[in-house]
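Q: Generate coordinates for the sequence data below:
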Amino acid sequence: MEETIDLRQLFGTLKKRFWLIVLITIIAATISGVVSFFVLTPVYEARTQILVNQAKSEQQFYNSSELQTNVQLIQTYNDIIKSPAILGEVTKQLDLDMTPKQLSNQIQVTNSQDSQVAHIVVQDTNAKLAVKIANTTAAVFQKKVPKIMSIDNVSVLAKAELDESLSPIKPQPLMNIAIAIVVGLMLGVGLSFLLEYLDNSIKDERDIDQIMELPVIGVISLIDEEELKGSSVSSHSLAPSRGGTHSV
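A: Below is the predicted model:
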């Protein structure tokens, strides 16, 4: 027998277990909110910009080949910035209780395509420390790159600053709660259909027709005990008296 999808049955399943879907969604959103606001440690981000550009005299002019060389050098500089030669000096100057490799995990160096500007991005649970690490890394790199590369074409374009209105970049409680609501709804709906699929009990005459493939001749309705007593009382009150009427 070929099975067909009955939309009314699907909506009936969702309506039947609506409380379960709502409960799971509320639990997921609550857990996400508690973890985001009270468990996860806020992480702040500070960034500084460095410019890769050879200093020029008044008689010299830029040419496209030198500009392209500076752009290509940024990829090399990105690796040098995160090297122990630079970060080891940063940890020493700031007296950080971490190794250069651990500090490297907190630093990202990015740049736009065909741009001579590189961004040193630092993430830390302490906003003030993140600003110090970003600025110190840029300063140390600017000082040491002439010795490492035998070229002096790096300058600090913009330093990281500690803003009083600086807010953590993560966690994002509202985003986490929204994701938890969506996940909770999906879990609730999925669990509802799973419970309905595992329920093998026969609920109405349609199940008999679909499962046993037998025609339904009649249906015996269930009557509550109170309804039975009420119908019995009403039948006695409507029955005629056998002894006739008596007057006093």
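
Q: average pLDDT for stretch 84-92?
A: Regarding stretch 84-92, the rounded mean pLDDT is 93.

Q: chain center to that stretch: distance?
A: 34 Å (C-alpha atoms, centre = their mean, to the nearest Å).

Q: which residues are in contact with that stretch?
A: 80, 96, 98-101, 103-104, 107, 133, 136-137, 140-141, 144, 148 (C-beta atoms under 8 Å, 6 or more residues apart in numbering). In this view, the C-beta of every residue, glycine as well, is placed from N, C-alpha and C.

Q: One more: stretch 93-105?
A: By C-beta under 8 Å, 6+ apart, stretch 93-105 touches 82-84, 87-88, 90-91, 129, 132-133, 136, 140.

Q: In helices only, show me the contacts of stretch 84-92.
A: Using DSSP state H, the subset of the contacts of stretch 84-92 located in helices is 80, 100-101, 103-104, 133, 136-137, 140-141, 144, 148.

Q: Let me have the residues you listed in TSV, extended by pLDDT.
A: Listed next are those as TSV, based on pLDDT from 0 to 100:
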residue	pLDDT
80	89
100	91
101	91
103	93
104	92
133	94
136	94
137	94
140	93
141	91
144	89
148	83
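
Q: and which of those is nearest to residue 157?
A: Nearest to residue 157 among those, counting by C-beta to C-beta, is residue 141 at 12.7 Å.

Q: which non-adjacent residue is nearest residue 100?
A: Distances taken as C-beta to C-beta, 6 or more residues apart in numbering put residue 87 closest to residue 100, at 3.8 Å, once the chain neighbours are dropped.

Q: Report the buried members of the contacts of stretch 93-105.
A: Among the contacts of stretch 93-105, those classed as buried by 16 or more other C-beta atoms under 10 Å are 82, 87, 90-91, 129, 132-133, 136, 140.

Q: now, among the residues you listed, which is nearest to residue 223?
A: Nearest to residue 223 among the buried ones among the contacts of stretch 93-105 is residue 129, at 75.8 Å by C-beta to C-beta.

Q: domain assignment for the chain?
A: Here the domain parsing of the chain from automatic domain parsing is 14-36+172-235, 44-158.

Q: and those, which is most packed in?
A: Highest mean neighbour count among those (mean count of other C-beta atoms under 10 Å): domain 44-158, with a mean of 16.

Q: How about the contacts made by residue 136?
A: Applying C-beta under 8 Å, 6+ apart, the residues near residue 136 are 90, 93-94.

Q: Mind putting these into a markdown table with distance to residue 34 and secondary structure?
A: As requested, the contacts of residue 136 are exported to a markdown table (distance: C-beta to C-beta, whole Å; DSSP: H, G, I helix; E, B strand; the rest coil):
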| residue | distance to residue 34 | secondary structure |
| --- | --- | --- |
| 90 | 36 | helix |
| 93 | 39 | helix |
| 94 | 34 | helix |
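
Q: Would you map the strands across this structure?
A: Taking DSSP state E as the criterion, the chain carries its strands at 44-52, 107-111, 117-124, 154-158.

Q: TSV for those, including distance to residue 206 and mean pLDDT?
A: Listed next are the strands of the chain as TSV, based on distance: least, C-beta to C-beta, whole Å; pLDDT from 0 to 100:
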stretch	distance to residue 206	mean pLDDT
strand 44-52	59	89
strand 107-111	61	88
strand 117-124	59	91
strand 154-158	71	80
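
Q: nearest to residue 30, of those strands?
A: Between residue 30 and those, the shortest separation by C-beta to C-beta is 26.4 Å, and it involves strand 44-52.
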